[in-house]
Structures are given as C-alpha cells and as structure tokens.
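Asks: Here's a sequence, model it:
(one chain, ligands or ions: 1)
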Amino acid sequence: MFDALAERLEDTWKKLRGQGKISQSNIQEALQEVRKALLEADVNFQVVKSFVAEVEKNALGAEVISGVNPQQQFIKIVYDELVKVMGESNAPLAEADKPPRVVLMAGLQGAGKTTATAKLALYLQKQKRSCLMVATDVYRPAAIQQLITLGTQISVPVFELGTGANPVDIARQGLEEAKNKGIDTVIIDTAGRLQIDQEMMAELAQVKDAVNPDEVLLVVDSMTGQEAANVTRSFHEEIGITGAILTKMDGDSRGGAALSIRTISGQPIKFIGVGEKVEALEPFYPDRMASRILNMGDIVTLVEKAQEELDIADVEKMQKKMMEAKFDFNDFLKQMRLLKNMGSFAGVMKLIPGMNKLGAGALEQGEVQLKRTETMINSMTKEERANPQLLAQSPSRRRRVAKGSGHQEKDVSRLVSDFTRMRSMMQQMSMGGGLPGMGGMPG
Ligand code: GDP
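Replies: Below is the predicted model of the structure:
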C-alpha cells in the first residue's frame, strides 16, 4: 500500500549509506527526499512540514549509538516520528459507562461505511459482545438492504424502519431496542454523500445529539489520498470524531491518509479495512504501519536491539578484558549471542554497507559457521571457556569437545587457534585505541 513512499525512502537510504555521519548539510538532501516522498504519497502538506521539522530536530540531536551507523539511525528517527504521528500504540474502541455502548459511523458515500459497520459487528461478536446494527440511510433503499444482507450473513440483528422514517427517530428507537434487549454495542450506520454536504452534516449532528455516542468513527477510503485530509477536517470540525477506520488498505493506495488523519483530528485510527469480505477488519498498529511505510523493519529492529543490548558498561568491560588479554570463550559467546539476537547473521551482515555485495552463499556460510562455533563452545567446560589455553594444550579435551558437539577434533583445534589469534589481534587494536566492533569471527 505504501510502495511508492517506501521506495523513495529506500533511495534516500542508499544515498545516505556512503556517508560517515549525520550533519546539517548531508541531512538536507535526505529530508528533502522524505518531504517529496510524503507529498507524493498525498500526505497533507502541513502534516509533511511539521513531520520533517521534527525529524530534522531529532536527527541532529541524536546521540551516536556504538555499533550502529548514522544512516541506520536516521531511518530509525524517521520511523519513530512516523509511529508518533500515527499515534504510538493501538487505540481500542472506547467502552461505555453503562451498556449499550453506542458507535456512530460517519463518512462519505462509498468509503466503506456500511461494510465497516458489519465488519465491526462481527469483530465484536467474536469477542462475545452482542451487537445491534441500525440502518439510518433512508435515502438509499439499497443501503438498508445491504445492511440487512450483511446482518443475516454474520447473524447480527439489524434495526430499521424502512425509508419513510426520520434518521434521528430511527437512531433513537434503535438505541431503545438495544437497551430493552440488553445488547452490548449499537453500531449506527448513517447516510453518506459523494461530497461534503452541509445537509448531511446537520443531519449527522442531530443523530449524534440524539444518541450521545461513545465513539464517532470516521470511515475514510485510503485510496482518496490528499482528499482524506479535507474529509477528516470537515467531519471533525462539524461533528467531532473520536477515531477513524481506514478502508481499502488491501489495494495499492497511497499512504498519505494514515499520516494525515491523526495529525489533523488528533484522533486515532482504530481499525483498517483490508478487503471486501466481512472478516477483513484489523486493529490499526502505528508501528506496523510505519515499518511498512519504510519497508525496512529489519533495520529498525537492529537499531532497537543495539540500543537495548549494547549498553556502554558491557562494551567497556569487554574492552578492558581485551586489553588485559582476559577475553575468553564466555565473552565470545556473549558477543555471538548479541549478534544472533540482532537477527540472523546473514541479515545483520546485509545491513552493513558493502557487505551485501558478498552474495547469499557467503552470508549463509557465515551463519552456518556461527552455529558450529556456538555448539563447540557449548560443549566446553566452564574452566575451558574461561581459559582457552587448556584446550590448546590438551588433545583429549579437544576430542571431548569435538565429540560432544558433533564435530571433528581438527574443527575444535582450528576454533581454538583462530580464537587465540583473534584475541591477540584485539589486544593490539585496543591498545591502539580503537574498539574492534563485532568482527573477528574465527572460522
Ligand atoms: P458506504 O457507501 O460508505 O456504506 O460504502 P460500502 O460499505 O457500500 O462500500 C463501498 C465499496 O467499497 C463496496 O464495494 C465494498 O465492498 C468496498 N469496500 C469496503 N471496504 C473495503 C476494503 O477494506 N477493501 C476493499 N477492497 N473494498 C472495500
């Protein structure tokens, strides 16, 4: 759905890749790309402006995280801001103080309002919440019939008074019916127009006053792009919405609507429609949407893991150990686990500029080697891990480790000699002042 935006940011990412650090000058081009991409994705221009300003501020103020390159950090900052704009976390449907809970559906004709009404009823029914759907679109007999058909399909009752009654009366009586029958949630489908229309808004406001809803959900067609911003603004100003459902996210719509709705109304998107079927409704998750926009959730995860795991105390401890030549198999295992936690070896390597040229074969081989090394270390005793010299000196110990890990003695010998060599290399490097990162894998 956000393909175009994802591609643009992918290009930005490539441009940034070759550069050393985030600075006022090199960030401008990247920000320009983000700006263009968002505008092309039909995000409202004011939303774009505040979004880009925030990204710039955060990027320039960002502390450099060890083990992560600045380009990855920039993407993470864009991602974080996207999540923030779209609402941080999933916003559930508001509960009523006392049942029935009333949900009023609003939106333009064709947005998917009637479909969303039934989708929501089915969604709630699966959570063992009883529903009543109320048909107030008296202008289109087909709309009432559509709701009845959907109701039959999902076994949810529909309250209707045909096309002769007044929408406000229908809504009021529907609510009474729900109270009498002890129904949990009433979902009121309303009439839409092809365009914003004062008469429609006035009627909607009257229905709202009559039923005092717990939720007013604006149903927005994600395919309408920039127009979604105007629709959101009008409905929010006129009747006040409490949330939105973004429909037709299964199509190749531009992503703009998702970003604009929250910024303009201050209200969360609660669900997305992902198909014509009545089951095709999902809770909206800002983080998932942001990952999808960026098409690079792997990088985001990598940076997050690095922030979590690579705490500076650990790095300093390891550095000290290296300098004193005390870095042992336990530290090595820890370092390897850190690498593994960050995703597959191949996955991590691909994120490092230049490494993606290695080709899949080489990367997979590296991953296999990483696993072999880990099984060998796991077969060592505590003493052997703490003192690799024990293995260097004893063929019988090496044979035991080989047997225990399902490898050959020569594999263990090689691991021990590679490790010893790596350790002395690390020592030299750390004496030279630099920290040799994650590299230096034996094997
Ligand atoms: P309303 O006029 O707002 O009540 O819109 P409808 O509920 O009648 O939907 C209009 C059209 O959009 C129908 O053909 C629906 O099947 C279709 N539709 C609604 N939601 C979705 C969705 O999430 N994905 C897709 N692909 N089609 C949808």
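
Asks: C-alpha only now, for contacts and for neighbours.
Replies: Noted.

Asks: Identify the residues contacting the residue nearest the centre of the chain.
Replies: For the chain, Arg288 is the residue whose C-alpha lies nearest the centre (CA atoms, centre = their mean; 2.0 Å). Applying CA atoms under 8 Å, 6 or more residues apart in numbering, we find Arg288 in contact with no residue.

Asks: Doesn't it lie inside a helix?
Replies: Yes: assigned with DSSP: H, G, I helix; E, B strand; the rest coil, Arg288 falls within a helix.

Asks: The longest helix along the chain packs against which elements?
Replies: Secondary structure of the chain per DSSP state H: the longest helix is helix 409-431. In terms of contacts (3 or more CA pairs under 8 Å, 6 or more residues apart in numbering; DSSP states H and E), helix 409-431 is packed against helix 312-323, helix 389-393, helix 395-405.

Asks: ok, now with 6 Å
Replies: On a contact count with 3 or more CA pairs under 6 Å, 6 or more residues apart in numbering; DSSP states H and E, helix 409-431 meets helix 395-405.

Asks: hmm, back to that, what about the longest helix of the chain, distance to the chain center?
Replies: Mean-position distance between helix 409-431 and its chain equals 41 Å (CA atoms, centre = their mean, to the nearest Å).

Asks: quick check: angle from it to helix 395-405?
Replies: Helix 409-431 runs at 100 degrees relative to helix 395-405, counting by axes from the mean of the first three to the mean of the last three CA atoms, to 10 degrees.

Asks: Could I get the CA-only coordinates of helix 409-431 as CSV?
Replies: Written as CSV, here are the backbone C-alpha positions of helix 409-431 (Å, rounded to 0.1, in the frame of the first residue of the first chain):
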residue,chain,number,x,y,z
GLU,A,409,38.9,-32.7,16.5
LYS,A,410,40.5,-30.6,13.8
ASP,A,411,37.5,-28.2,13.9
VAL,A,412,38.0,-27.6,17.6
SER,A,413,41.7,-27.1,17.1
ARG,A,414,41.0,-24.5,14.4
LEU,A,415,38.5,-22.7,16.6
VAL,A,416,41.0,-22.6,19.5
SER,A,417,43.9,-21.3,17.3
ASP,A,418,41.7,-18.8,15.5
PHE,A,419,40.4,-17.6,18.8
THR,A,420,43.8,-17.2,20.2
ARG,A,421,44.9,-15.3,17.1
MET,A,422,41.8,-13.1,17.2
ARG,A,423,42.4,-12.3,20.9
SER,A,424,45.9,-11.1,20.3
MET,A,425,44.7,-9.0,17.4
MET,A,426,42.0,-7.5,19.5
GLN,A,427,44.6,-6.7,22.1
GLN,A,428,46.7,-4.9,19.6
MET,A,429,43.8,-3.0,18.3
SER,A,430,42.5,-1.9,21.6
MET,A,431,46.0,-0.8,22.6
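
Asks: So for it, mean pLDDT?
Replies: Throughout helix 409-431, pLDDT has a mean value of 79.

Asks: Let me see the domain layout of this structure.
Replies: Here the domain parsing of the chain from automatic domain parsing is 3-89, 101-284, 311-431.

Asks: Please name whichever of those is nearest to the ligand.
Replies: Closest to the ligand of the domains of the chain is domain 101-284 (CA to the nearest ligand atom; 3.2 Å).

Asks: Next, see if that closest one gets close to the ligand.
Replies: Yes: contact of domain 101-284 with the ligand (CA under 6 Å from any ligand atom) involves 108-115, 247-250, 273-276.

Asks: Among those, which ones are in helices?
Replies: Those of those lying in helices (DSSP H): 113-115.

Asks: Can you spell out which helices and strands pack onto the helix or strand hosting Val219?
Replies: Assigned by DSSP states H and E, Val219 falls within strand 215-221. Applying 3+ CA pairs under 6 Å, 6+ apart, one finds that strand 215-221 contacts strand 101-106, strand 243-247.

Asks: rerun that using 8 Å as the cut-off
Replies: Here strand 215-221 touches strand 101-106, helix 227-238, strand 243-247, going by 3+ CA pairs under 8 Å, 6+ apart.

Asks: Any stretches of the stretch 301-443 of the chain with poor pLDDT?
Replies: Low-confidence segments of the stretch 301-443 of the chain, defined by pLDDT under 70: 301-325, 335-364, 366, 426-443.

Asks: Ignore what I typed, I meant the stretch 1-150 of the chain.
Replies: For the stretch 1-150 of the chain, residues meeting the criterion pLDDT under 70 lie at 1-22, 26, 41, 63-72.

Asks: measure stretch 233-244 end to end?
Replies: End-to-end distance for stretch 233-244, by CA to CA, to the nearest Å: 12 Å.

Asks: same thing with stretch 213-233?
Replies: 20 Å.

Asks: Count residues in the vicinity of the nearest residue to Arg129 once chain neighbours are set aside, would you?
Replies: Nearest residue to Arg129 in three dimensions, chain neighbours excluded: Asp184, at 5.9 Å (CA to CA, 6 or more residues apart in numbering). Neighbour count of Asp184, defined by other CA atoms under 10 Å: 20.

Asks: Make sure Asp184 is actually in contact with Gln127.
Replies: No: in this structure, Asp184 is not within contact of Gln127 by CA atoms under 8 Å, at 11.2 Å.
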